[in-house]
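Chemist: please find the sequence and the predicted model below.
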Amino acid sequence: VKEAAKEGKFVIIPECKRMEPGSGSLRKRYDLRKLVKEFTTKGAPAISVNCDGVLFGGSLEDLTKAREASSKAALELSSVGDDGVVVPPILASDLLLYPYQLYKMRLAGADAVNLVVGALATKDLIYLTKIAKSLQMQSLLMVTSTVQLDNLLKAMPSGGYDGIIVSNRELEDFSFDMTGQQALNILKSDVMKEFRDKQKEIPILVDGRVGIIKAKDEAGNESPDAYIQQVKEAGATGAIVGGGIVPDTPDSWA
């Protein structure tokens, strides 16, 4: 993801999850292994797996299944002469509060974790990123406001994390800002400008209904692509897309 960002590419990280708190199940059938195989063969730079069992219907076993499926898919492709396929890293998405959760996720196959800045005290956030680093896991820190980003900029040591996620999700009830302005306002803020000046190598991803939220293009037409273009122009280097890749037909993705 970092390499793609350096080259100016906008990366899409697909997310696997069974359900959303506000909308219920996302698929009639949830074949995680099949989804991960498709993502891997189509060149996903990473795959996010939501393993929250309470709100999103996930589990630690999902991480293991994703790791096994992606490794198998890459091996199958290399055996037929496609040497360009690599095993994408697995990003574990959950509400992480305690160090033991990191150990379990690493054992289950995770390469990186998503830490929610608004859910953690600064000292706990720093401690968890240190634990993740000791386990050779990358840390992506999710912010939902400029206040959180400012605290992150002031408190977190340089090199203590590997990327940030600017989210449209509301932490109070896990709903979304369906206008998409929450993420755009953070991306366009003075705090973000300062962040970019100090953290030039850090990827900035957008999360929360990307691929669903619509915006108007120059011709006045509304589409999800127009919103993606807006966040790209605002400085995002990629997006994590979950519900936005779920089409009408189950067990496939766009």
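Modeler: Good, I have the coordinates.

Chemist: where along the stretch 1-150 of the chain do the helices fall?
Modeler: Across the stretch 1-150 of the chain, reading from the start of the chain, the helices by DSSP state H, counting those that start in this stretch fall at 2-6, 32-41, 60-79, 99-108, 122-134, 146-155.

Chemist: what is the neighbour count of residue 170?
Modeler: Using other Cβ atoms under 10 Å, the number of residues around residue 170 comes to 13. Yep, even glycine has a C-beta here, placed from its N, CA and C like the rest.

Chemist: with residue 213 instead?
Modeler: Other residues near residue 213 come to 24 when the count uses other Cβ under 10 Å.

Chemist: and the gap between the residue nearest to residue 238 when sequence neighbours are not counted and residue 210?
Modeler: In this structure, residue 238 finds its nearest non-sequential neighbour in residue 11, 3.6 Å apart by Cβ to Cβ, 6 or more residues apart in numbering. Residue 11 is 12 Å from residue 210, where distance means Cβ to Cβ, to the nearest Å.

Chemist: repeat for residue 202
Modeler: When Cβ to Cβ is the yardstick, residue 202 and residue 210 sit 19 Å from each other.

Chemist: what's the answer for residue 57, then?
Modeler: Distance from residue 57 to residue 210, by Cβ to Cβ: 21 Å.

Chemist: these two: who's more crowded?
Modeler: Neighbour tally, residue 57 and residue 210, criterion other Cβ under 10 Å: the higher count belongs to residue 210, 27 against 18.

Chemist: for that one, give me its contacts.
Modeler: Under the criterion of Cβ atoms under 8 Å, 6 or more residues apart in numbering, the contact partners of residue 210 comprise 168, 224, 227-228, 231, 239-241, 244.

Chemist: make it 6 Å
Modeler: Shown in contact with residue 210 (Cβ atoms under 6 Å, 6 or more residues apart in numbering): 239, 241, 244.

Chemist: dihedrals phi and psi, the second one?
Modeler: Going back to what we said before, that points to residue 241. Dihedral angles of residue 241 (phi, psi; degrees, to the nearest 10) stand at phi -120, psi 120.

Chemist: next, count neighbours for the nearest residue to it once chain neighbours are set aside.
Modeler: Spatial nearest neighbour of residue 241, chain neighbours left out: residue 211 (4.7 Å); criterion: Cβ to Cβ, 6+ apart. Counted with other Cβ under 10 Å, the neighbours of residue 211 add up to 19.

Chemist: read off the pLDDT value for residue 211.
Modeler: Predicted confidence (pLDDT) for residue 211: 92.

Chemist: so it sits against residue 240, correct?
Modeler: No - the criterion here is Cβ atoms under 6 Å, and residue 211 misses it with residue 240 at 9.9 Å.

Chemist: who's in contact with stretch 139-149?
Modeler: The set of residues that contact stretch 139-149 without belonging to it, under Cβ under 6 Å, 6+ apart, is 113-118, 129, 132, 161-165, 167, 171, 186, 189, 191.
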